Every structure is written in C-alpha cells, then in structure tokens.
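Novice: sequence and predicted structure, then a few things I'm wondering about:
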Amino acid sequence: DSGVTQTPKHLITATGQRVTLRCSPRSGDLSVYWYQQSLDQGLQFLIQYYNGEERAKGNILERFSAQQFPDLHSELNLSSLELGDSALYFCASSRGLAGGEQYFGPGTRLTVT
Amino acid sequence: DAKTTQPNSMESNEEEPVHLPCNHSTISGTDYIHWYRQLPSQGPEYVIHGLTSNVNNRMASLAIAEDRKSSTLILHRATLRDAAVYYCIRTPNFGNEKLTFGTGTRLTIIP
C-alpha cells in the first residue's frame, strides 16, 4: 500500500460526458502528479501540482483540467469524453518539488462507451 | 527528451538473481537513474535510485557503470511476485517534475 488513494476504482460513462477523478496523496506529500496509461501510448505524464499551485504540464488535453485543494487532495476533471480517453489514470505523490521518488495510487480505470 | 534503452522482455528462473540492463548513453552529470516497476493491474512502484555509486535497498541493488552510460538493476533472488514491467528512468537533479516512462522490460519469472 503506497498510501495514495484514488476514487473511484472504475468508471464507465458515455461519450460527451464529464467525470471527476479524485486523489489523496500520502500524508506529508505536497506534490501530486497525474498520469494516463493507455495501451497505445503507455504511461504519460499529464500534470503536476505542488502545494496547490500548478507546477508542470505534460500531454494534457485542453478538455482535461486539474486542481489541488488546500487539504492537498487533487481532482482531475475530464470533459467532452471521447472513446480514446478510455485508459487507466494514476495519481502519484512526492514530498517536494523534485519528483524522482513518487508513490502511485492504484489508479482509476475509465471506460468511455 | 530523457532517453533510456531497455530490452523489451527477459525471463528468469525463480530464486535466481536477475540482472536488468539499462542504457542511458546521453546522461548528464546531474541526472539520477530511477527504477520503477509495475506489477499486473497495479500502479508503478518505486524500486531504487542512484547517481554515481552503487546503491542497495531491501528490494534491489543498482549498479551504475563508471562512465554512467549504463546501469543494471539486480534482484538478488527472484520470486514470482517480481514478475512485472521494470522501467529505467533518468531524472534531472534539479526540480524535475515528471517521470518519463519508456516501454520498460517485461520480466517473466519461471517457477
């Protein structure tokens, strides 16, 4: 158990819909990262927040957004969903800004039908 | 982009040591080498990291070549639970915010 929690575990929704994925980092960790894992693209970094502020952006679509709240939990919002958004979404956390040692949650499996 | 090269797959017998190689010939002097693994149906798991000298922890050992252009992750006694995809990742020493995962090495453990 990494100490990172993600909800929900599974999510099935239709194209065009909007969903919110939630992540609680390990106690004491200030950085939260979001990754997407699909069969064709592998594990890809989406975005990082550090202590409530956006720190780095990766291959995140404009239809996706995220935020980190004062209690340090984070949410990833996915809107106007397409079939290609079906993937595993992982959240990870680390103590500080330098993210070499990250602890990953169990993931949320999103299926868009 | 921070590039590493790993074999696509490897097999090893249970209870034998496993050496997983990684090439990072363009590594800079301040880049760390991190290893993660991903067991089936789980999120990636941190294994070990190092900069110049060899490192040991409860999970594995990391041997880094003197020129730092390659490294080897060593599992001293493989168990079935070690079957996973292993990722070798370069991370700059200064505030790198993301992990760039390649395709990794899929390790199969033969009972």
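Specialist: Right, received. Where do you want to start?

Novice: A:Leu43 and A:Tyr35 touch, don't they?
Specialist: Yes - with contact defined as Cβ atoms under 8 Å, A:Leu43 counts as touching A:Tyr35 (5.5 Å). For glycine as for every other residue, the C-beta is placed from the backbone atoms N, C-alpha and C.

Novice: okay, those two: which has more neighbours?
Specialist: Of the pair A:Leu43 and A:Tyr35, A:Tyr35 is the one with more neighbours under other Cβ atoms under 10 Å in any protein chain shown, namely 27 against 24.

Novice: show me how far stretch A:101-108 is from its chain's centre.
Specialist: Once both centres are worked out by Cα atoms, centre = their mean, to the nearest Å, stretch A:101-108 turns out to sit 9 Å from its chain's centre.

Novice: quick one: it near chain B?
Specialist: Yes - contact check for stretch A:101-108 against chain B, using Cβ under 8 Å from any Cβ of the partner chain: residues in range are A:Glu101, A:Gln102, A:Tyr103, A:Phe104, A:Gly105, A:Pro106, A:Gly107.

Novice: CSV please, covering those and showing secondary structure and pLDDT.
Specialist: Below are these laid out as CSV (DSSP: H, G, I helix; E, B strand; the rest coil; pLDDT from 0 to 100):
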residue, secondary structure, pLDDT
A:Glu101, coil, 85
A:Gln102, coil, 91
A:Tyr103, strand, 94
A:Phe104, strand, 96
A:Gly105, coil, 97
A:Pro106, coil, 96
A:Gly107, coil, 97
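
Novice: ok, the residues you listed vs B:Ile33, which is closest?
Specialist: For the residues of stretch A:101-108 next to chain B, the residue nearest B:Ile33 by Cβ to Cβ is A:Glu101; the value is 12.3 Å.

Novice: contacting residues around the closest one?
Specialist: For A:Glu101, the set of contacting residues under the criterion of Cβ atoms under 8 Å, 6 or more residues apart in numbering or on different chains consists of A:Ser94, A:Arg95, B:His34, B:Tyr46, B:His49.

Novice: what subset of those is buried?
Specialist: Neighbour counting over the contacts of A:Glu101 (16 or more other Cβ atoms under 10 Å in any protein chain shown) leaves A:Ser94, B:His34, B:Tyr46, B:His49 as the buried ones.

Novice: circling back to that earlier point, mind listing the shared neighbours of A:Leu43 and A:Tyr35?
Specialist: Between them, A:Leu43 and A:Tyr35 share these contacting residues under Cβ under 8 Å, 6+ apart: A:Phe90, B:Leu99, B:Phe101.

Novice: tabulate those (CSV), appending neighbour count.
Specialist: CSV is the format used below for these (neighbours: other Cβ atoms under 10 Å in any protein chain shown):
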residue, neighbour count
A:Phe90, 26
B:Leu99, 26
B:Phe101, 20
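
Novice: from those, which one has the minimum pLDDT?
Specialist: Note: of the shared contacts of A:Leu43 and A:Tyr35, the lowest pLDDT belongs to B:Leu99, at 83.
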